[in-house]
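J.: got a predicted structure here, sequence first:
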Amino acid sequence: MTAPAKRRKSSQMFKRLPKGENGGIQLLLIHNVEHLGRQGDIVEVRRGYALNFLLPQGLATIATDHHKRMVEKHREKLRAIELEKLSDFRKLADELGKQSITIEANANDEGHLYGSVGPQEIVDGLKASGFALAQDQVRLEGPLKELGLYTVKIHLHSEVEASVKVWVVPTAASDDLAS
């Protein structure tokens, strides 16, 4: 098959995507998508967002009548699974709330850090405590640039957030230099 024929065939397939009331594409969410909707919701998004992100990532599928009927049929099962996940996230949030991590950083005599402590250092500290989180789950209001105790929000789910105490302390090497 030649390149123009392939392009024509794929463009014909995407022309049949179901249009919504506002001219966007109607999709059925397979997974929860933050700021868009929950699993099983039918959403209307722009064509590029659908074709370049949601469909290739497997987060959504085309909202056909068959898919809509299947979701309705299994909605209770999906709700039970979602509640179980939510319960697990709440337990994890309780465990994280009890955590306090210490991060060593180079600082001057006044307590100002030479660099800063960001999400990656916090994720590494939690990983050492046995918690596997992604960097984008750490919600900082800005980089931590001074020594001290901070309360950092950890975003686990659209409905669940945890708070972790983060101690930023001077490294042992900077203590030796100060004395």
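T.: Thanks, I have it.

J.: what comes up buried for the helix of greatest length in the chain?
T.: Looking across the chain with DSSP state H, the single longest helix is helix 65-97. Neighbour-count burial for helix 65-97, with 16 or more other C-beta atoms under 10 Å as criterion, is recorded at 67, 71, 89, 92-93, 96. All C-beta spots, glycine's among them, are computed from the backbone N, C-alpha and C.

J.: could you dump those residues to JSON lines with pLDDT?
T.: As requested, the buried residues of helix 65-97 are exported to JSON lines (pLDDT from 0 to 100):
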{"residue": "His67", "pLDDT": "81"}
{"residue": "Val71", "pLDDT": "79"}
{"residue": "Phe89", "pLDDT": "90"}
{"residue": "Leu92", "pLDDT": "89"}
{"residue": "Ala93", "pLDDT": "90"}
{"residue": "Leu96", "pLDDT": "89"}
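
J.: dump these into JSON lines; add distance to Ala132 as well.
T.: Converted to JSON lines, those look like this (distance: C-beta to C-beta, whole Å):
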{"residue": "His67", "distance to Ala132": "33"}
{"residue": "Val71", "distance to Ala132": "31"}
{"residue": "Phe89", "distance to Ala132": "14"}
{"residue": "Leu92", "distance to Ala132": "10"}
{"residue": "Ala93", "distance to Ala132": "15"}
{"residue": "Leu96", "distance to Ala132": "12"}
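
J.: now, which of those residues sits nearest Asn52?
T.: Proximity of these to Asn52, judged by C-beta to C-beta, is greatest for His67, which lies at 20.8 Å.

J.: now the strands for the protein?
T.: Using DSSP state E, the strands of the chain run over residues 25-29, 42-45, 60-62, 100-105, 112-117, 138-139, 144-146, 148-157, 160-170.

J.: any idea how far Ala128 lies from Ile101?
T.: Using C-beta to C-beta, to the nearest Å, one gets 8 Å for the distance from Ala128 to Ile101.

J.: and stretch 45-57, how far apart are its ends?
T.: Using C-alpha to C-alpha, to the nearest Å, the end-to-end distance of stretch 45-57 comes to 15 Å.

J.: could you pull out the buried residues of it?
T.: Going by neighbour count (16+ other C-beta under 10 Å), the buried part of stretch 45-57 is 45, 49-50, 54-55.
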